[in-house]
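Colleague: Any chance you can model this:
(one chain, ligands or ions: 1)
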Amino acid sequence: MSGKPLQNYIAGKWVDAKATESLPVHNPANGELLAYVPLSSAEIVDQAVQSASGSFEAWRQTPAVERVQFLFKLKQRLEDHFEELARSITVENGKTLAESRGEMRRAIENVEVACGIPVMMQGGFSEDIARGIDEFMIRQPVGVSAIICPFNFPGMIPFWFLPYAVACGNPVIIKPSEKVPGTMHLIFELLEEAGFPAGVVNLVNGDRVAVDALLTHPDVRAISFVGSTPVARHIYSTAAAHGKRAQCQGGAKNPIVVLPDADLEMTTRIAADSAFGNAGQRCLAASLAITVGEAHETFGQGISEAAAARRVGYGLDEGVEMGPVITNESKQRIESLIQRGIDEGAELIMDGRDVSIPGYEKGNFLRPTVLNGVDPASEVFKTEIFGPVLGLMPVDSVEAAIELVNSGAYGNMACLFTSDGAAARTFRYGVQAGNVGINIGVAAPMAFFPFSGWKDSFFGNLHGQAHHAVEFFTQTKVVVERWPREWSRKF
Ligand code: NAD
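Modeller: The predicted structure is shown next:
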């Protein structure tokens with residue numbers, strides 16, 4: 001990328017979006033102009049849907065064992081371009097190179113899992129449900145599927161859906177975040193090299209206009225969305241109103257609970273990575289630490305030291321542990337929420353505001369921030385900050401901690417740090433969250449498990465990844481067949 005306008009990929013060709021509007025894309029660490037992203041119109045979306053629809057019949061009739069051959073080729077190309085893709089994520093999103101590599105590894109893992117589609121999309125068969133009558137269930141693709149992505153994992157999140165959708169026989173249209181369109185551009189170059197038939201994979205850049213055109217288009221059958229909760233709600237209700245199936249993963253406010261018997265050194269290290277990794281811009285970032293009994297003092301001190309020691313800078317530079325946040329607007333929003341926490345009575349024990357990194361004065365940098373004594377009734381308890389800010393909350397027991405966790409509106413993740421197995425079971429059993437960690441700080445499921453999420457963190461019933469994705473991208477057909485006994489040969 002070099003400040004040039006990006007193109008869309010429709011019907012197997014790179015095409016100008018012919019958009020009347022475009023947005024500049026900047027490197028969040030140094031302000032460098034990277035590209036212009038076109039804001040595609042509803043007409044352009046319609047062209048992409050027509051391209052996808054036109055490819056559907058031939059693609060679904062392509063045997064699954066042949067469809068996955070394109071994924072094997074894609075997997076190899078993703079491996080060959082691994083470093084280039086990781087660099088692209090760091091340059092446009094800001095996270096460190098190590099974090100970008102981790103992101104691409106999970107993306108590739110999803111391609112690998114989807115290569116098992118010939119087994120994963122098998123149906124079921126019951127012989128002799130009555131004399132001479134058999135019944136079976138087959139899975140068929142749903143049709144044109146749209147995938148709408150957030151800014152924080154430009155390489156990984158599309159892969160929670162894309163490999164499963166195409167392997168199941170569906171054409172897809174991807175709408176990347178307009179804040180980070182470059183990585184998906186590179187990935188589409190690799191999809192093109194992998195040789196998918198024209199129309200099976202389409203890329204449309206844009207903003208809410210393109211999204212709304214996808215949501216209301218009669219030929220789009222399925223919507224996969226990841227982003228903030230207010231937008232997830234909008235997507236879910238609009239998709240439903242237009243008769244489409246939808247899976248919408250939303251925002252989060254993730255608590256970790258620390259018991260006094262936890263290994264403090266390990267807990268602090270892991271909690272710091274969870275809260276401050278990806279500059280806190282992760283839907284599985286810890287943003288509240290609920291400490292039980294004497295853990296409050298020891299963990300509070302440990303996490304403050306870890307926050308102070310974290311090396312902040314440009315993610316491509318050696319030794320950097322935390323990059324900038326995505327935009328200056330986002331930085332200002334985070335700083336104002338820190339102030340809100342102070343105004344609501346929390347004590348600021350590590351202040352990450354007013355940061356300037358030498359050599360990167362134009363970057364959107366913050367430092368790790370810790371607020372002590374967050375009130376459960378306060379705004380900072382309820383609001384997703386999406387920045388490197390951790391709030392500490394003391395309670396007396398694991399039961400009180402679970403109650404506090406469950407009082408929140410979100411349910412993306414909850415983690416417990418302890419060496420007590422019974423407490424771990426109580427927590428795992430009672431906590432209202434779709435992803436649970438025990439002595440884990442970022443409970444991100446491997447590609448062969450669904451990426452769960454509960455309450456306001458998810459709208460729908462089938463999540464991304466693994467069997468959930470296969471069920472989402474297929475519709476079941478149940479067939480009952482009678483072959484009268486007198487027609488059958490005796491054996
Ligand atoms: P966002 O909701 O602002 O944008 C997501 C996508 O929706 C983008 O492609 C954007 O163009 C589009 N969009 C934005 N506003 C829209 C509107 N009004 N109508 C239609 N489309 C619209 O999210 P973001 O800021 O890019 O990403 C961060 C959010 O995503 C955080 O809330 C984070 O928790 C969440 N997230 C959730 C998960 C999960 O698995 N639950 C994973 C990653 C990120």
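
Colleague: Minimum distance to the ligand, which residue of the stretch 51-200 of the chain gives it?
Modeller: Of all residues in the stretch 51-200 of the chain, Pro150 sits closest to the ligand, at 3.1 Å by Cβ to the nearest ligand atom. From N, CA and C alone the C-beta is placed, and that goes for glycine too.

Colleague: for that residue, helix, strand, or coil?
Modeller: coil (DSSP: H, G, I helix; E, B strand; the rest coil).

Colleague: list the contacts for it?
Modeller: 157, 177, 226-228 (Cβ atoms under 8 Å, 6 or more residues apart in numbering).

Colleague: likewise Ala52?
Modeller: By Cβ under 8 Å, 6+ apart, the neighbours of Ala52 are 144, 171-173, 199-200, 202, 219.

Colleague: Which strand or helix spans it?
Modeller: For Ala52, the host element (DSSP states H and E) is helix 42-61.

Colleague: buried ones in that helix?
Modeller: Residues of helix 42-61 classed as buried by neighbour count (16 or more other Cβ atoms under 10 Å): 44-45, 47-53, 55-56, 59-60.

Colleague: where's the next helix or strand after it relative to the chain centroid, distance-wise?
Modeller: Following helix 42-61 in sequence order, the next helix or strand is helix 64-80 (DSSP H and E). Helix 64-80 sits 22 Å away from the centroid of its parent chain (Cα atoms, centre = their mean, to the nearest Å).

Colleague: Give me the buried subset of the contacts of Ala52.
Modeller: The buried subset of the contacts of Ala52 (16+ other Cβ under 10 Å) comprises 144, 171-173, 199-200, 202.

Colleague: Any chance of JSON lines for these, columns pLDDT?
Modeller: Below are those laid out as JSON lines (pLDDT from 0 to 100):
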{"residue": "Val144", "pLDDT": "99"}
{"residue": "Pro171", "pLDDT": "99"}
{"residue": "Val172", "pLDDT": "99"}
{"residue": "Ile173", "pLDDT": "98"}
{"residue": "Gly199", "pLDDT": "98"}
{"residue": "Val200", "pLDDT": "99"}
{"residue": "Asn202", "pLDDT": "98"}
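
Colleague: between these, which is nearest Gly319?
Modeller: Nearest to Gly319 among the buried ones among the contacts of Ala52: Val172, at 38.8 Å, using Cβ to Cβ.

Colleague: Which parts of the stretch 201-350 of the chain are helices?
Modeller: Secondary structure of the stretch 201-350 of the chain by DSSP state H, counting those that start in this stretch: the helices cover 208-216, 229-241, 264-276, 295-309, 328-343.

Colleague: Identify those among the contacts of Ala52 that sit within strands.
Modeller: Among those, the members falling in strands (DSSP state E) are 172-173, 202.

Colleague: List the buried residues of stretch 424-437.
Modeller: Result for stretch 424-437 [16+ other Cβ under 10 Å]: buried residues 424, 426-427, 431, 433-437.

Colleague: so what's the spatially most central residue of the chain up against?
Modeller: Residue closest to the average C-alpha location in the chain (Cα atoms, centre = their mean): Ile157, at 4.3 Å. With contact set as Cβ under 8 Å, 6+ apart, Ile157 has these partners: 149-150, 226, 464.

Colleague: again, 7 Å this time
Modeller: Residues in contact with Ile157, defined by Cβ atoms under 7 Å, 6 or more residues apart in numbering, are 149-150, 226.

Colleague: Buried residues in the helix or strand where Gln475 lies, which are they?
Modeller: Assessed by DSSP H and E, Gln475 sits inside strand 474-482. By neighbour count on 16+ other Cβ under 10 Å, the buried set for strand 474-482 is 474-475.

Colleague: rewinding a little: return the distance of the residue nearest to the centre of the chain relative to Ala107.
Modeller: 8 Å (Cβ to Cβ, to the nearest Å).

Colleague: if we take the buried residues of stretch 424-437, which one ends up nearest to Glu384?
Modeller: Ranked by distance to Glu384 (Cβ to Cβ), those are led by Ala433 at 14.3 Å.

Colleague: and the closest one, that's in a strand?
Modeller: No: secondary structure of Ala433 (three-state DSSP): coil, not part of a strand.

Colleague: Name the SS class of Leu186, please.
Modeller: Quick answer, by three-state DSSP: Leu186 is helix.

Colleague: who's in contact with it?
Modeller: For Leu186, the contact set (Cβ under 7 Å, 6+ apart) comprises 84-85, 88.

Colleague: Look at Ala19 and report its pLDDT.
Modeller: We have a pLDDT of 80 for Ala19.

Colleague: Go through stretch 285-295 and flag the buried ones.
Modeller: 285-292, 295.

Colleague: Likewise for stretch 326-336?
Modeller: 326, 330-331, 334-335.

Colleague: Quickly check: it near the ligand or not.
Modeller: No: judged by Cβ under 6 Å from any ligand atom, stretch 326-336 stays clear of the ligand, getting no closer than 7.6 Å.

Colleague: Mind checking if stretch 212-228 is in reach of the ligand?
Modeller: Yes: shown here: stretch 212-228 in contact with the ligand (Cβ under 6 Å from any ligand atom) through 212, 226-228.

Colleague: Between all of the residues you listed, which two are separated the most?
Modeller: Farthest pair in those, by Cβ to Cβ: Asp212 and Val226, 17.0 Å.
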